Structures are given as C-alpha cells and as structure tokens.
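*Asks:* Any chance you could fold what I've pasted below:
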Amino acid sequence: MLIITGPTASGKTGKAVALARAIGGEIISADSRQLYRGMDLGTGKDLDEYGDVPYHMIDICEAGYKYNLYEYLRDYQVCHDDITSRGKPVILCGGTGMYVESVVKGIQLPPVPENRELRHELATKSLDELTQILKRYKTLRNNSDIDTTKRAIRAIEIAMFYHDNPHLKAQTEPHPLTDAVVIGISIDRDTRRRRITERLKARLDAGMVEEVRRLIEGGVAPDDLIYYGLEYKYLTLYVIGELSYDQMFTQLETAIHQFAKRQMTWFRGMERRGTPIHWLPYDMPNDEFIQAALAINRCSLTSTR
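*Replies:* A predicted model of the protein is given here:
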C-alpha cells in the first residue's frame, strides 16, 4: 500500500490522484475533517481534483458529529478490504498524522463509550485544568487533543476508560503493516507559508464564510463547529460576532501556520518511532513523481522479501 502524506498546502491530493490514475488505484482519505458533509471549503476537499479516480472516507458523516480514531480505523479497514477485494491498489492520502501512523502501525482500538457523569464533572473546568488532568494519563505529543475544551474532555474520557479497563490493553497492541510505503511531500517553510496564505484568501473569496453561515443556519451549533478548530473555529467566531474580519483572518492564518508546523513535528516523530518516510519535493512534475514513487515501492518490497 502506498501512503501519500505531508503538511497542509503541500499538494498531496494532486500527487495521489496522479499516482492512482497511473496504477488504476483508489484513494482512501486520511483527513480528520474531510469526513464531514457540508464542510467543503474549510477542509480543502477540492473534489474536482479527483476527476475519475474513486475516493473513500470523504463526506461520510454529518457536520456536528464527533468522529474518532476508533471509528476511522474501523471504517478505513472496510474501505481497504473492499478495494483490495476488487483487485485495485490502495493509496492512503492525507495529513492527519495520527490516522496515518495508526494505519501503518496496525493499531486496533476497542470502542470507548460516552461517560456522561465524567463529562458533567469536567464541564466547568478550564482548558488549562483539563490539560493537566489529561497529562496524568498520557504524554501529549501535540496539541490536537487540547485545541478546545470539548476535545480535551473527550481525550480524558478515552484515557480514563483505558486506564480503568487494563484488560483491554492486549486489544490495542499494534500489528505493523509490512507492505506499507510512506511517501512524504516535502515543501520548504517559506513556500509552505506563502501557499497557505494564498489558499486561505482564495477560499475566503470562494465563500468560506458563507459556508459556515449555512452550517449554522442548518442547525449545527457554533460550539460544534468551533470543536473542529482552524477555519471552522475562527470563521464561526467571526460569524457570531466575537471577532472582526481582520482579527479572524490574522488569527486563522497564524493558526494554520502553527498547524502545519505541528504536522511536521508529528511526521518527524513517526520517523523516530520507526516509520520510514520517503520525502519527495512538492514541485516535482507528476510523471517524475509517479516514477519515483513506484521505484521506492519496488525497492521497499524487495527489501522486505
């Protein structure tokens, strides 16, 4: 299986589509926000880019729902098995490092039920207080669990469930894939920052504010949109009048730059934890990228035999 990953605005989707078209493959998304219907511009789905290439794990649940890693691994496996049963190659593409690494490591998770009593107990605590509670149960590799109080409460709920049910630990032991080749899209910091800013302006011009208004008018609570972070957090704060347009743009632009930096930190961590990532430049022409990716794949398969 080929995996295409990298930071936001690096051009992952275009490279994955070109590769899938060349080998007759299908793409499974590894993006934690493209799962939601109606959240299009803010998540950068760019569905037109896929053309005739089949894609999976996009638009699979309603905005406002809080999809989790357990559900992703479960649904990913269903998609993977369906694609391979039809004799098609699988290409996993996305920048959510936790999803990518969990697939590569062969992580399996039991479902974690909702703990209403715990949620009520934690509801009045600040984000800093929740962060300190979470640190008692796990080492925080990045800030994804503590972007908002709702995320932090859910992370505590999951961590406490595993702590209180140690017999489930055996089910979570990883079974690393032996046939997964991870290709990262490399982009220098200055170019990445420029592309992020250009893309943000283009999406605002295309109607990203109106998209958030439609979601709220359609019944999605502002707090639920804020839960998703980045574009939906800051645009929602603007729409409900808590930020001016200029404040929204400046804070969102900074948040996306910080997010891209955290992504790169995760990928470097993946490499330290034993997952090789073969980096190819973002501006490599598609035909050269395809040849390089397939050559890396052949070498990797040969070395594992």
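
*Asks:* For the rest of this, base every contact and every neighbour count on C-alpha atoms.
*Replies:* Will do.

*Asks:* Could you say which helix or strand holds Ile27?
*Replies:* According to DSSP states H and E, Ile27 maps onto strand 26-29.

*Asks:* Convert the C-alpha atoms of that strand to PDB, please.
*Replies:* Provided in PDB are the C-alpha atoms of strand 26-29 (Å, rounded to 0.1, in the frame of the first residue of the first chain):
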ATOM      1  CA  GLU A  26      -8.300   4.100  -5.400                       C
ATOM      2  CA  ILE A  27      -7.800   6.700  -2.700                       C
ATOM      3  CA  ILE A  28      -8.700   6.500   1.000                       C
ATOM      4  CA  SER A  29      -8.600   9.900   2.700                       C
END
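
*Asks:* helices or strands up against it?
*Replies:* Where contact means 3 or more C-alpha pairs under 8 Å, 6 or more residues apart in numbering; DSSP states H and E, strand 26-29 is packed against helix 12-23, strand 55-56, helix 69-85, strand 90-93.

*Asks:* Could you pull out the buried residues of the first one?
*Replies:* Of all the residues in helix 12-23, those buried under the rule 16 or more other C-alpha atoms under 10 Å are 12-13, 15-21.

*Asks:* Please apply the same query to the longest one.
*Replies:* Taking 16+ other C-alpha under 10 Å as the basis for neighbour counts, the residues of helix 69-85 that come out buried are 69-70, 72-73, 76, 79-80, 83.

*Asks:* Just give me how far it sits from the chain centre.
*Replies:* How far helix 69-85 lies from its chain's middle: 15 Å, per C-alpha atoms, centre = their mean, to the nearest Å.

*Asks:* Strands of this structure, start to end?
*Replies:* Along the chain, counting by DSSP state E, strands occupy 2-5, 26-29, 36-37, 55-56, 61-62, 90-93, 181-186, 277-281.

*Asks:* which residues touch the most centrally placed residue in the chain?
*Replies:* Residue closest to the average C-alpha location in the chain (C-alpha atoms, centre = their mean): Thr96, at 2.6 Å. Applying C-alpha atoms under 8 Å, 6 or more residues apart in numbering to Thr96 gives the contacts 30-32, 263.

*Asks:* How far off centre is the helix ranked longest in the chain?
*Replies:* Scanning the chain for the longest helix, with DSSP state H as the assignment, gives helix 245-272. Helix 245-272 has its C-alpha centroid displaced from the chain centroid by 13 Å (C-alpha atoms, centre = their mean).

*Asks:* Equivalent analysis for stretch 210-221, please.
*Replies:* Distance of stretch 210-221 from the chain centroid (C-alpha atoms, centre = their mean) equals 22 Å.

*Asks:* Please report the distance of Pro222 from Arg214.
*Replies:* Going from Pro222 to Arg214 by C-alpha to C-alpha, to the nearest Å gives 11 Å.

*Asks:* between those two, which one's more packed in?
*Replies:* Ranked by neighbour count (other C-alpha atoms under 10 Å), Pro222 and Arg214 place Pro222 first, with 21 against 14.

*Asks:* where does the more buried one land on pLDDT?
*Replies:* In this model, Pro222 is scored at 96, pLDDT.
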